[in-house]
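S.K.: Take a look and give me a structure for this.
(4 chains)
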Number of protein chains: 2
Amino acid sequence: MTIGFAHAELIAVLVAVTGGEPRVMTIRAGDALPSGPFEMGHRTLQSGLREWVQEQTGHPVGYLEQLYTFADRDRNNEIRGGRTISISYLGLVHEQATPGGGRPGWQGWYSYFPWEDWRTGRPVVLDHIVACLIAWAERYPSRREDRMRRANFAFGLGEASWNEDLVLQRYELLYEAGVVTESGCAAETNPGRAMFADHRRILATGIARLRAKIKYRPVVFELMPASFTLLQLQRSVEALAGLTLHKQNFRRLIEQQELVEETGETTSETGGRPAKLFRYRHAILEERALAGSRLPISRN
Amino acid sequence: MTIGFAHAELIAVLVAVTGGEPRVMTIRAGDALPSGPFEMGHRTLQSGLREWVQEQTGHPVGYLEQLYTFADRDRNNEIRGGRTISISYLGLVHEQATPGGGRPGWQGWYSYFPWEDWRTGRPVVLDHIVACLIAWAERYPSRREDRMRRANFAFGLGEASWNEDLVLQRYELLYEAGVVTESGCAAETNPGRAMFADHRRILATGIARLRAKIKYRPVVFELMPASFTLLQLQRSVEALAGLTLHKQNFRRLIEQQELVEETGETTSETGGRPAKLFRYRHAILEERALAGSRLPISRN
DNA sequence: CACAATATGCTCAAAATGAGCATAACAAGG
DNA sequence: CCTTGTTATGCTCATTTTGAGCATATTGTG
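M.R.: Now for the predicted structure:
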């Protein structure tokens, strides 16, 4: 077994939700994701990243999960004489008393993906995007049909409907279609803010993973303060998913899953009737086999 | 940003189902997973692996997905003067006319994890495993409760019930408890066959991922021949999940998802009434936003 | 022809979901 | 004090989706 040599780099997608907005930790005034070397001293990749993030941001990382390892030749390889392997992680940071949102490094993630936020209805950028995609599809008559099918699927056009999980597919389609600055489109018409190298793609990967995960694992709580109202919780989920949810059904869902318990206190911040405060029941993780089957098991 | 140097290695968990048994491609008579260098010539990790597998096994890989990147200091690091980064992939191979199961490299995966196969009822090895875990828990009175809680959760003891997805958690618990040869236990009492370095852990990661994935993505079809009966399909899912399923409900599930269509032919291999043959409808992927939400969306 | 073995159709109760009405509890303005 | 705006919370009801199992259909075999 021959072994190749390479540079190894860790890249972090650190997410926090503050003031109902999902934010991501950046460097260089929002142009890049924080990244650092994989140092020999670290026991594992995970522990290395954990230490490093704590040191850089001052926030402890609650939840940390590996995202993806990239080593494409075509992208992000300024360094000569060796491949760069980028190992990316998704980390979730609790909302702080000193809100991370106030600090410079935290950027709202929809400034990079304005078409992903449907909370206030269909984003207007989509008109421009759809026009670009159609133009791209028609550029070569032979590929037209296939391209249109992919665009329809990813962006929920025509028959298809919007699927919030397809963040990465959408970004990659825009990249391929040259709609996005990183793939050579003019900066003026670029929908959403661009980032250094392939960092926007990595961010898209993180958002996609998180949107998928909140549906079957209680990871939202890693973004919440110690106690919260059910509406705050809902707003956080909505912020991540980029959708608005049905209030009563949302609370029914949360309550029936026994994920939270009342703290006994209430808060009256928002004007109306005071809301009960809840806390996350950590114990639930050991009690139940979360979600579980979805397969038609037979009991014989 | 300093950059660390490292060796990079690709490791593949290649899965096929033949004769109702899930198998994994191995080398060294079943002692290790196939692995190889990440060569500079490859465009991406994925394409590198794809070529390499095709060349090594003769089978084309249908589905290929990245599993995990490991770089632990404590495990699998015989090579001095540099860290090894192992990037693992999960690949699915269609059942062949020349069944891969007949070839030497393909090993039934339950020989490595006998406690994971519940198709014929509770595996007997579990008695030994549970005894070991209890002994391990009682070794230090102060950690007893926590250890028992983890064991109960992972292996579905006491209140908890068996969750087939927790393959990795179970293996890591056995590793930590020293029940498994790789962590120093005597080979005679080791439940399941051991593997080189941390390859059994990587295999556990692959099985866990696959078991989780078959529930929300139609990946089973990547393991099936071009046409198949619904019972064959069910047997494949059962083989992967290590569970038996309810026949009528399984077919209802498959049919309502419109994942398959009749070929028009039938087969009478198994004795009883001849079964209709089906093929996978590839088109379905583009038609519907598979699975989708699980969040209580509001339509305003 | 009876029987074993699998395929396939269908029913029925229980649970989960999607939508929305109704009421409760506060603040602010008249 | 009463009205209005605003959010919280309780509850209903139709529809769908599950979980379980009964019944019938088609084969090959002895």
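S.K.: wait, what's in contact with A:Arg251?
M.R.: Applying C-beta atoms under 8 Å, 6 or more residues apart in numbering or on different chains, we find A:Arg251 in contact with A:Leu230, A:Gln234. All C-beta atoms are positioned from the backbone trio N, CA, C, and that covers glycine.
S.K.: For whichever strand or helix holds A:Gln234, buried residues please.
M.R.: Assigned by DSSP states H and E, A:Gln234 belongs to helix A:230-241. Going by neighbour count (16 or more other C-beta atoms under 10 Å in any protein chain shown), the buried part of helix A:230-241 is A:Leu230, A:Gln232, A:Leu233, A:Gln234, A:Arg235, A:Ser236, A:Val237, A:Glu238, A:Ala239, A:Leu240, A:Ala241.
S.K.: would CSV of those residues with pLDDT and distance to B:Val61 be doable?
M.R.: Shown next, in CSV, are these (pLDDT from 0 to 100; distance: C-beta to C-beta, whole Å):
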residue, pLDDT, distance to B:Val61
A:Leu230, 96, 46
A:Gln232, 95, 46
A:Leu233, 96, 42
A:Gln234, 96, 42
A:Arg235, 96, 43
A:Ser236, 97, 39
A:Val237, 97, 37
A:Glu238, 97, 39
A:Ala239, 97, 38
A:Leu240, 98, 33
A:Ala241, 97, 33
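S.K.: ok, back up a step: so the helix holding A:Gln234, near DNA strand D or not?
M.R.: Yes. Counting by C-beta under 7 Å from any atom of the strand, contacts between helix A:230-241 and DNA strand D involve A:Leu230, A:Leu231.
S.K.: what packs against that helix?
M.R.: With contacts taken as 3 or more C-beta pairs under 8 Å, 6 or more residues apart in numbering or on different chains; DSSP states H and E, helix A:230-241 sits against strand A:4-18, strand A:21-25, helix A:199-213, helix A:247-256, strand A:275-280.
S.K.: measure the residue of the stretch 1-150 of chain A found nearest DNA strand D to chain B for me?
M.R.: Nearest residue of the stretch 1-150 of chain A to DNA strand D: A:Gly20, at 11.9 Å (C-beta to the nearest atom of the strand). In this view, A:Gly20 and chain B are 16 Å apart by C-beta to the nearest C-beta, to the nearest Å.
S.K.: Check A:Gly19 too.
M.R.: 21 Å.
S.K.: And the pLDDT at that residue?
M.R.: We have a pLDDT of 89 for A:Gly19.
S.K.: Quick one: neighbours of it, just the number.
M.R.: 12 (other C-beta atoms under 10 Å in any protein chain shown).
S.K.: In this structure A:Thr205 contacts A:Leu67, no?
M.R.: Yes. Assessed by C-beta atoms under 8 Å, A:Thr205 is found in contact with A:Leu67 at 5.5 Å.
S.K.: hey, C-alpha coordinates of the helix holding A:Gln234 in PDB?
M.R.: C-alpha atoms of helix A:230-241 as PDB (Å, rounded to 0.1, in the frame of the first residue of the first chain):
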ATOM      1  CA  LEU A 230     -41.500  27.200  22.900                       C
ATOM      2  CA  LEU A 231     -41.800  30.100  20.500                       C
ATOM      3  CA  GLN A 232     -38.100  30.800  20.800                       C
ATOM      4  CA  LEU A 233     -37.400  27.200  20.100                       C
ATOM      5  CA  GLN A 234     -39.700  27.300  17.100                       C
ATOM      6  CA  ARG A 235     -38.000  30.400  15.800                       C
ATOM      7  CA  SER A 236     -34.700  28.700  16.000                       C
ATOM      8  CA  VAL A 237     -35.900  25.700  14.000                       C
ATOM      9  CA  GLU A 238     -37.500  28.100  11.500                       C
ATOM     10  CA  ALA A 239     -34.300  30.000  11.200                       C
ATOM     11  CA  LEU A 240     -32.300  26.900  10.400                       C
ATOM     12  CA  ALA A 241     -34.900  25.400   8.000                       C
END
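S.K.: one step back: which residues do A:Thr205 and A:Leu67 both contact?
M.R.: A:Val13, A:Ser88.
S.K.: Check chain A for the residue nearest DNA strand D and tell me.
M.R.: For chain A, C-beta to the nearest atom of the strand, closest residue to DNA strand D: A:Gly272, 2.0 Å.
S.K.: What's the separation between that residue and DNA strand C?
M.R.: Per C-beta to the nearest atom of the strand, to the nearest Å, A:Gly272 is found 5 Å from DNA strand C.
S.K.: Assumed that residue was part of a helix.
M.R.: No. Going by DSSP: H, G, I helix; E, B strand; the rest coil, the assignment for A:Gly272 is coil, not a helix.
S.K.: ok, it - how many residues close by?
M.R.: As a burial measure, A:Gly272 scores 8 neighbours (other C-beta under 10 Å).
S.K.: sorry, back to before: ok, so of the buried residues of helix A:230-241, who is nearest chain B?
M.R.: The closest of the buried residues of helix A:230-241 to chain B turns out to be A:Ala241 (C-beta to the nearest C-beta; 6.2 Å).
S.K.: Now do the contacts for the closest one.
M.R.: A:Glu164, A:Arg211, A:Ile214, B:Leu295.
S.K.: what is the closest residue to A:Ala239 other than its chain neighbours paired to in the beta sheet?
M.R.: Leaving aside its chain neighbours, A:Ala239 sits nearest to A:Pro22 (4.6 Å; criterion: C-beta to C-beta, 6 or more residues apart in numbering or on different chains). Beta-bridge pairing of A:Pro22 under DSSP bridges involves A:Val17.
S.K.: Surely A:Pro22 touches A:Leu92?
M.R.: No. At 10.7 Å, A:Pro22 does not count as touching A:Leu92 under the criterion of C-beta under 8 Å.
S.K.: who's more crowded, those two?
M.R.: Taking neighbours as other C-beta under 10 Å, A:Pro22 and A:Leu92 compare with A:Pro22 leading, 25 against 22.
S.K.: And that one, how far from B:Pro218?
M.R.: A:Pro22 is 30 Å from B:Pro218, where distance means C-beta to C-beta, to the nearest Å.
S.K.: Kindly report the same for A:Arg122.
M.R.: 29 Å.
S.K.: who has more neighbours, those two?
M.R.: The neighbour comparison of A:Arg122 against B:Pro218 (other C-beta under 10 Å) goes to B:Pro218, with 19 against 11.
S.K.: Skip the chain neighbours and tell me the closest residue to that one.
M.R.: B:Leu259 (5.4 Å).
S.K.: Strands of the stretch 51-200 of chain A, residue ranges please.
M.R.: With DSSP state E, counting those that start in this stretch as the criterion, the stretch 51-200 of chain A has strands at A:63-70, A:83-92, A:106-108.
S.K.: Perfect, I'm done here.
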